[in-house]
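Peer 1: Predicted model follows, preceded by the sequence.
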Amino acid sequence: MAGSRAEILTEGLLRRALLRERAAVTTLVAELTPVVQARVGRELLRRARPANREAARSRVQDLTQDVFVELFRDEGRLLRMWDSARGLSLRSFVGLIAEQRVLAVLRSRKRSPFTEAPSDDEVFDEQPAEDAGPEVLLLSRESLAAVLDIARTELTPLGMSMFEQLVVNQDDVADVCRRMGMTPASVHAWHSRLRKMLRRVASELETGVEPTQSRRAAP
């Protein structure tokens, strides 16, 4: 069940995995693999040209492995960035890292973890992040911690829950409505407020200004 699975991903397990305890690493990878595969697959299919969706699916496993390499690189630097006090679960945090990795690979074109034809240029649309909106543009490796700190400070517990569902997990509005007992109009209003907050933070980061706090997005 989801509840019992969530309890497995504790800070203690992560610490042991970062110390390279074999059993902890095995458990951590097993628990995180489904979310990494789901996020990688979603981003690849979203960027794939209609005629090449099957080719995109075939690359999920390679990029999933690539994500885990990045997570454990430099003594687990990315994993050490996770802080439960910032309001995101470890699964959601790693899901963001997985999306970032896919976008980085598709944007760079300088190297590809794939050897099969057709090439990435033939399979995926160019400029994959052009229509990504403030969510993807902001949630880069460098700005992620700052964004999460601002979100945690500005948002109410309900707002942080909506942030995780709508921005981080990119859940369908219908699913959020059912889960939260809210109307579509209310959920869309939350999404609009969250995107406005992200655009403000993105603008401040782009100009080198330290992101500022605003009033809470909603009660």
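Peer 2: That came through, no problem.
Peer 1: Please make it C-alpha for all contacts and neighbour counts, starting now.
Peer 2: Will do.
Peer 1: in the chain, what spans have low per-residue confidence?
Peer 2: 1-7, 51, 108-143, 145, 208-219 (pLDDT under 70).
Peer 1: what are the ranges of the helices in it?
Peer 2: Per DSSP state H, the chain carries helices over the ranges 2-8, 11-18, 22-47, 53-57, 60-80, 90-108, 120-123, 133-138, 144-154, 157-162, 173-180, 184-206.
Peer 1: tell me which residues in the third one are buried?
Peer 2: I take that to be helix 22-47. By 16 or more other Cα atoms under 10 Å, the buried positions in helix 22-47 come out as 24-25, 28, 31-33, 35-45, 47.
Peer 1: got the contact list for the nearest residue to Gly41 once chain neighbours are set aside?
Peer 2: Once flanking residues are discounted, Gly41 sits nearest to Val60: 5.6 Å by Cα to Cα, 6 or more residues apart in numbering. Val60 makes contact with 37, 40-41, 44, according to Cα atoms under 8 Å, 6 or more residues apart in numbering.
Peer 1: now swap in Phe163 and tell me
Peer 2: Here Phe163 is in contact with 151, 191, 194 (Cα under 8 Å, 6+ apart).
Peer 1: one more time with 6 Å
Peer 2: Counting by Cα atoms under 6 Å, 6 or more residues apart in numbering, Phe163 makes contact with nothing.
Peer 1: what about it, distance to Leu148?
Peer 2: 10 Å (Cα to Cα, to the nearest Å).
Peer 1: And Glu164, by the same measure?
Peer 2: For Glu164, the distance to Leu148 - Cα to Cα - is 10 Å.
Peer 1: One more: Thr33?
Peer 2: Thr33 is 23 Å from Leu148, by Cα to Cα.
Peer 1: cool, and Glu99?
Peer 2: 16 Å.
Peer 1: So which of these two has more stuff around it?
Peer 2: Glu99 (23 against 19; other Cα atoms under 10 Å).
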